[in-house]
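**Q** Let's see this in three dimensions:
(chains A and B, ligands or ions: 3)
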Amino acid sequence: MVDVSQHELVPEHTVLEEEALEDVLEEYNIDRTDLPKIKRNDPALPDEAEIGDVIKIVRDSRTTDQSIVYRLVVE
Amino acid sequence: MQDTTPKDIGSLSFGLMEPEEYREMSATKIITADTYDDDGFPIDMGLMDPRLGVIDPGLECKTCGKHSGSCNGHFGHIELAAPVIHVGFTKLIRRLLRGTCRECSKLLLTEDERDEFRDQLDESRKLSRDLNDVTKAAIRQARKKDRCPFCGEIQYDIDHEKPTTYYEVQQVLTSEYSQSIAGAMQGDEEEGVERTTPDELAEQTEIELTRVNEILSGSFRPRESQRKAIEKALDIDLTEEDTNKLMPSDIRDWFENIPDEDIEVLGINPDRSRPEWMILTVLPVPPVTARPSITLDNGQRSEDDLTHKLVDIIRINQRFMENREAGAPQLIIEDLWELLQYHVTTFMDNEISGTPPARHRSGRPLKTLSQRLKGKEGRFRGSLSGKRVNFSARTVISPDPTLSLNEVGVPDRVAKEMTQTMNVTERNVEDARRFVSNGPEGHPGANYVRRPDGRRLKVTEKNCEQLAEKVEAGWEVNRHLIDGDIVIFNRQPSLHRMSIMAHEVVVMPYKTFRLNTVVCPPYNADFDGDEMNMHALQNEEARAEARVLMRVQEQMLSPRFGENIIGAIQDHISGMYLLTHDNPRFNETQALDLLRATRIDELPEPSGIDDEGTPFWTGYDVFSELLPDDLDLEFTGTIGDEVVIEDGQLLQGTIAEDEVGEFGGEIVDTITKVYGNTRARIFVNEVSTLAMRAIMHFGFSIGIDDETIPGEAQSRIDETIADANDRVEELIEAYENNELESLPGRTIDETLEMKIMQTLSRARDNAGNIADEHFQDDNPAVVMANSGARGSMLNLTQMAGAVGQQAVRGERINRGYEDRTLSHYEPNDLSAEAHGFVENSYTSGLTPREFFFHAMGGREGLVDTAVRTSKSGYLQRRLINALSELETQYDGTVRDTSDTIVQFEFGEDGTSPVKVSSDEDNDIDVEHIADRVLDSEFESAEERQEFLGSKPRPTNLSEHADDRLAEGTEVTSDD
Ligand SMILES: [Mg+2]
Ligand SMILES: [Zn+2]
Ligand SMILES: [Zn+2]
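**A** Ligands and ions are numbered 1, 2, ... in the order given. Reported below is the predicted structural model:
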């Protein structure tokens, strides 16, 4: 099986630590359910990600070098 | 005065209404279908009962005491003789029938299952997912149960016959069970099925022999378990379907017993809605204000469609009651019940498939409740989203190159109709009096004044002089539009934000809106009859926003591709090309004439002195006068030459489309980004006027002779085409002799087609090249094609050389008759001519057959564009509707209305395409930026300050300010 998470075009997905999550939620003044979602069976997810976890995705950006996005793992 | 302060809407909740609630809010019960008595007075407890509100002016409402206009009307109600189904809920009713027990009405789920679905529902709600997915799954699960887990009752399938009939489908023992069993016991010798004796049957089914005999004689109906055993033993089916119609009253009783906890699992809030309320027992009657009757010219009253429908309902309702009281047979009662259901159904929705629509006497289908709301002309899309506004005007547009691109020419008759409110103060009281004294007919005049006491007076020709004297500070004057006012200008379809821009008014005679031709690209406008809309702004905030954000010069750069969308077009480009291509010389008078419409009123030092001793100025020098003094630029230009600008002087290169054109003209783009929108506006305005002067200086016209070539060239073209025809014949011959070798991955037929196409397109190119050789560089069509003003060399060679192969769906033309395109050719003729090759040019003229093929190719193009525009239009509408609620918040995130984050940073990088400098090779023009940084290192601190951007660009909110600023301080550039 191909592990897509190793592909150069797939950005880095990491599970966000609970503390860091608190900071993110506070920064944007939201609940975690207000985050964009990602399905548990998404092949880009790290194996340890569980439903309810928040994933941090770091993408390369042409204009801002890095663009960071958070997503809530669902179902 | 009533409290009119606006209130915040805290929340909205949707649910069903209880019959008792209908009765409570009802102003009166409606019992009679008659509306007015013989004297024309509304009948009490009729459909026009005065307690339902008033529509005639002067009358008083019997419920609230208010007059027509202030009374919103009041609902009444009809007590239905029998319950009927609400058409809006037929699907939900079906779901409930299928998911609950026919005996005890409980949801057919075990408690564990129920709790699980309830949890899923809560989760979905939190994630704002579609609740229907869960409730549908719950019903699907419940339907699987054959028996109620609580009372054990067998459950039957529910059949729904649209729109409002429900049946229970039961599997019952057929009436011919004894014959079937006896027949099966006979066996079948042919198929090798053995005979079964009653003894054997009794043994296999464990039924007593006497019972078996009774069953066989038909005197005993087997119980279900016995039936199943017999079915199994004899491999037969002893059931038949029996449908049992569920009357609305049955359904209502059924639903009444559904426990609250169970409907929660189905996504219904039991505090607000009970399922039995989906079966109507009371019908609310809309107030008369919702269905006003109109009096026709002949004094006859004409009632609203809703009133007609209500009349039908009441009539049937009464007949139903009378018949039931008289003890009419069940069949008649059921017919009337169905009729009542039909009328109530069509009262709510008259466009249900499978139900004939209720019609007016004239045969026109009635417009009932749902028809008022649905569709393009409905309440939502027609009345609420699509508002008509005051202070707007629409007329044909025409070009005016003397206007600035920020301006719009407004016909005086429009200016006199649209007004701006002027708050009179000590400083403008003189102006205000002048406007009022000019009256409504004189141009800058006024239409209304408002006194400090709030009274509004119309200014007329008669009273204007007197009124003018009374105007004081504190009054308001609605004065006409005058030069310099800001208005919003729009051309449909409004596909991007540049379709609506703010312009400054220039009042003009005649009847059309006038605009500078350089704003045609953003509006996608031309002058073949296009009309545009204008909106006069009515408050100071709107005017300020329009000036700062919406003015044309602020829209110079397109957010779509980050480059300028406004620039020179068409003749401007031809003009600039003529001015700069061969760098011609001009004497003083000519040079001044070229620059007459620009700010330049003094020529620079002459470029040189000619042989006769008179000074001359070159095209480069004239053009350079328009550039900012410190502009440096170097790039490859339109015609492939290097364009070099140093210190605001054009040193080399031709100015044409890629330099100053719309859609990314390099010089315009750079000036906008480096020197600001105001400088860019001045530049574009001046380029266009200079170009117009230049093209008029040289003269530019095109005629049929410019597309004809000498006879010698024509015969060469004929030769090439004859050659190509020969080669095609050879190919065909090779094909017919099976000598043609197929290309990899193609059949022989495809190979032949490809080779023929290749040969013919080469022939067309060759013909074009021959024609090309005979065009001079100063040929106007060539000038336009080279400069990018209009047309291409292909267009030109089609006019002079050969039109070439016509294609439908990317292939030679193959359709028409059986095995041939036209009856003029032999069947299976593969020649170039027979499949749409046009060897003539547009100038020499097409043969009838060529013309026909050309029309086929042309039609495909037309159909394609028509389909594309409608498809893409619909796609865009859906996209816009889906994205319309997304908003960039102050923290930079993009969120929807429920605060769910869509992007953490606008566009994932928080940058506007307009603010990012770019070229084709590098996403970011690093080199250029570095150059500028280095430059600033070497120069004085002041200049570095300027580079860092702390020196403010001159404020320029109106072109009327230009004159004032022009003296002394410079507006034009930061140099
Ligand atoms: Mg047009
Ligand atoms: Zn009233
Ligand atoms: Zn039950």
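**Q** what's the longest strand in chain A?
**A** Across chain A, the longest stretch assigned as strand under DSSP state E is strand A:65-74.
**Q** Could you export that strand as CSV, CA atoms only?
**A** The C-alpha coordinates for strand A:65-74 follow below in CSV (Å, rounded to 0.1, in the frame of the first residue of the first chain):
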residue,chain,number,x,y,z
ASP,A,65,6.2,30.8,3.3
GLN,A,66,4.0,28.7,5.6
SER,A,67,0.3,28.4,6.1
ILE,A,68,-1.1,26.7,9.1
VAL,A,69,-4.6,25.1,9.3
TYR,A,70,-6.3,23.2,12.1
ARG,A,71,-8.9,20.5,11.6
LEU,A,72,-11.0,18.5,13.9
VAL,A,73,-11.0,14.7,13.3
VAL,A,74,-14.5,13.4,12.8
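**Q** Could you tell me how far that strand lies from the centre of the chain?
**A** How far strand A:65-74 lies from its chain's middle: 4 Å, per Cα atoms, centre = their mean, to the nearest Å.
**Q** ok, B:M576 - contacts?
**A** Neighbouring residues of B:M576 by Cβ atoms under 8 Å, 6 or more residues apart in numbering or on different chains: B:568, B:623, B:655-656, B:659-660, B:687, B:690-691, B:694, B:787. Heads up, the C-betas are built off the backbone N, CA and C, glycines and all.
**Q** residues contacting A:I38?
**A** Contacts of A:I38 by Cβ under 8 Å, 6+ apart are A:45, A:55, A:71-74.
**Q** And for B:D611?
**A** Contacts of B:D611 were listed using Cβ under 8 Å, 6+ apart, and none were found.
**Q** can you count the residues close to the residue of chain A found nearest ligand 2?
**A** Taking Cβ to the ion, ligand 2 has its nearest neighbour within chain A at A:D34, 45.3 Å off. By other Cβ atoms under 10 Å in any protein chain shown, 18 other residues sit near A:D34.
**Q** How about the contacts made by B:D159?
**A** With contacts defined as Cβ under 8 Å, 6+ apart, B:D159 is in contact with B:166-169, B:243.
**Q** how about the residues of the stretch 851-975 of chain B near chain A?
**A** Proximity of the stretch 851-975 of chain B to chain A (Cβ under 8 Å from any Cβ of the partner chain) is limited to residues B:891, B:893, B:895, B:898-905, B:908-911, B:916, B:923-924.
**Q** residue ranges for the helices of chain A, please.
**A** A:18-28 (DSSP state H).
**Q** how close does the residue of it found nearest ligand 1 get to B:H496?
**A** In chain A, the residue found nearest to ligand 1 is A:T63; the distance is 37.7 Å by Cβ to the ion. Distance of A:T63 to B:H496, given as Cβ to Cβ, to the nearest Å: 22 Å.
**Q** Write a PyMOL command that selects only the buried members of the contacts of B:D159.
**A** The buried residues among those can be selected in PyMOL (16 or more other Cβ atoms under 10 Å in any protein chain shown) with this line:
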select buried, chain B and resi 166+167+168
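**Q** Please look at B:R716 and B:I770 and confirm they touch.
**A** Yes - the pair B:R716 and B:I770 passes the contact test of Cβ atoms under 8 Å, sitting 5.1 Å apart.
**Q** where exactly do the helices run in the stretch 501-650 of chain B?
**A** B:520-523, B:540-545, B:571-580, B:588-594, B:619-624 (DSSP state H, counting those that start in this stretch).
**Q** wait, which of the ones you listed is closest to B:P401?
**A** Between B:P401 and these, the tightest spacing by Cβ to Cβ is seen for helix B:571-580, at 9.0 Å.
**Q** Quick one: distance of that closest one to the chain centre.
**A** In terms of Cα atoms, centre = their mean, the centre of helix B:571-580 is set 38 Å apart from its chain centre.
**Q** swap in stretch B:812-821?
**A** On Cα atoms, centre = their mean, the centre of stretch B:812-821 falls 39 Å from that of its chain.
**Q** Report how many residues lie close to A:M1.
**A** For A:M1, the count of nearby residues is 4 (other Cβ under 10 Å).
**Q** what do you get for B:S398?
**A** B:S398: 14 neighbours (other Cβ under 10 Å).
**Q** Kindly report the same for B:L266.
**A** 23.
**Q** In chain A, which residue sits closest to ligand 3?
**A** Closest point on chain A to ligand 3, by Cβ to the ion, is A:E75, at 32.3 Å.
**Q** what residues does the host helix or strand of B:I332 touch?
**A** Assigned by DSSP states H and E, B:I332 falls within helix B:330-348. Helix B:330-348 is contacted by residues B:80-82, B:84-88, B:163-164, B:247-248, B:280, B:283, B:306, B:309-310, B:312-313, B:316-317, B:319-320, B:323-324, B:352, B:355, B:357-358, B:366, B:368-370 when judged by Cβ under 8 Å, 6+ apart.
**Q** Stretch B:131-144 now?
**A** B:95, B:98-100, B:107-109, B:113, B:117, B:120-121, B:124-125, B:265-267.
**Q** Need the worst-confidence member of the contacts of B:D159.
**A** Lowest pLDDT of these: B:T243, 81.
**Q** Can I take it that that residue is in a strand?
**A** Yes - looking at B:T243 with DSSP: H, G, I helix; E, B strand; the rest coil, it is inside a strand.
**Q** Could you grab the helix/strand/coil label for whatever residue of the stretch 651-800 of chain B ends up closest to chain A?
**A** Residue of the stretch 651-800 of chain B nearest chain A, by Cβ to the nearest Cβ: B:K673 (15.7 Å). Here B:K673 takes the helix state, with states given by three-state DSSP.
**Q** and residue 46, how many neighbours does it have?
**A** Let's take chain A. 12.
**Q** not quite, I wanted chain B
**A** For B:G46, the count of nearby residues is 21 (other Cβ under 10 Å).
**Q** which residues does it contact?
**A** B:G46 sits in contact with B:30, B:32-36, where contact means Cβ under 8 Å, 6+ apart.
**Q** Export those as JSON lines, with columns for pLDDT and secondary structure.
**A** As requested, the contacts of B:G46 are exported to JSON lines (pLDDT from 0 to 100; DSSP: H, G, I helix; E, B strand; the rest coil):
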{"residue": "B:I30", "pLDDT": "89", "secondary structure": "coil"}
{"residue": "B:T32", "pLDDT": "87", "secondary structure": "coil"}
{"residue": "B:A33", "pLDDT": "84", "secondary structure": "coil"}
{"residue": "B:D34", "pLDDT": "82", "secondary structure": "coil"}
{"residue": "B:T35", "pLDDT": "80", "secondary structure": "coil"}
{"residue": "B:Y36", "pLDDT": "81", "secondary structure": "strand"}
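**Q** hmm, which of those residues are the buried ones?
**A** Buried, going by 16+ other Cβ under 10 Å: B:30, B:33, B:35, out of these.
**Q** which stretches of chain A aren't confidently modelled?
**A** Across chain A, nothing is flagged by pLDDT under 70.
**Q** From the centroid of it, which residue is nearest?
**A** A:I55 (2.6 Å; Cα atoms, centre = their mean).
**Q** Quick check: it vs chain B, distance?
**A** In this view, A:I55 and chain B are 13 Å apart by Cβ to the nearest Cβ, to the nearest Å.
**Q** ok, how many other residues are close to A:A44?
**A** Quick note: A:A44 (other Cβ under 10 Å) scores 16 neighbours.
**Q** ditto for the one 5 residues further on
**A** Here the count is done by other Cβ under 10 Å, and A:A49 has 20 residues near it.
**Q** That one contacts A:V15, doesn't it?
**A** Yes - applying Cβ under 8 Å as the test, A:A49 and A:V15 come out as touching, 5.3 Å apart.
**Q** Any chance you could list residues touching both of those two?
**A** By Cβ under 8 Å, 6+ apart, the residues touching both A:A49 and A:V15 are A:I55.
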